[in-house]
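In: sequence below, structure please.
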Amino acid sequence: MSEQEDLKAELERLKAENEALKVVKKTTGSMSFKVSEKGAVSVYGLGRFPVTLYKEQWDKLLAASEQIKTFMQENASSLKLKEQ
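Out: Modelled structure (predicted):
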């Protein structure tokens, strides 16, 4: 491939990637998921930036969900709600 063909192919790849990113919904209350370039899971819709963790990190976090809920209940008076 020539350098010009390589640049065209890269441009097309970037356009496709950009379109895929546009599909991610940014509406309040709506979450979406994407596999990142590095193979991690990104969750969109929680805040300004996605939350991205690798599979084993999500497994560990999800396994601790009851502990997290208990912790939040015990500390409810100290926790604040994010204003949307």
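
In: next SSE after the helix or strand containing K15?
Out: In the assignment (DSSP states H and E), K15 maps to helix 3-23. For helix 3-23, the succeeding helix or strand toward the C-terminus, using DSSP H and E, is strand 32-35.

In: which neighbouring elements make contact with the following helix or strand past that next one?
Out: Sequence order places strand 41-44 as the next helix or strand after strand 32-35, per DSSP H and E. In terms of contacts (3 or more CB pairs under 8 Å, 6 or more residues apart in numbering; DSSP states H and E), strand 41-44 is packed against strand 32-35, strand 51-53. The way it works is simple: take the backbone N, C-alpha and C, and place the C-beta from them, glycine included.

In: redo those strands as JSON lines? Include mean pLDDT, mean neighbour count and distance to Q73.
Out: Putting the helices and strands packed on strand 41-44 into JSON lines (pLDDT from 0 to 100; neighbours: other CB atoms under 10 Å; distance: least, CB to CB, whole Å) gives the following:
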{"stretch": "strand 32-35", "mean pLDDT": "94", "mean neighbour count": "13", "distance to Q73": "27"}
{"stretch": "strand 51-53", "mean pLDDT": "97", "mean neighbour count": "15", "distance to Q73": "22"}
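
In: Throw the ones you listed into TSV and include distance to E3, thanks.
Out: TSV is the format used below for these (distance: least, CB to CB, whole Å):
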stretch	distance to E3
strand 32-35	31
strand 51-53	33
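
In: tell me, please, the helix or strand in the protein that averages the lowest pLDDT.
Out: helix 3-23 (a mean of 83; mean pLDDT, DSSP states H and E).

In: coming back round to it: quick one, which of the helices and strands packed on strand 41-44 gets closest to E74.
Out: Set against E74 and scored by CB to CB, the helices and strands packed on strand 41-44 come closest in strand 51-53, at 23.2 Å.

In: and the helix or strand that that closest one is followed by, what's buried?
Out: Using DSSP H and E, the helix or strand that follows strand 51-53 in sequence is helix 55-63. Within helix 55-63, no residue is scored as buried using 16 or more other CB atoms under 10 Å.

In: could we number from 391 for the rest of this?
Out: In the new numbering, first residue 391, that becomes helix 445-453.
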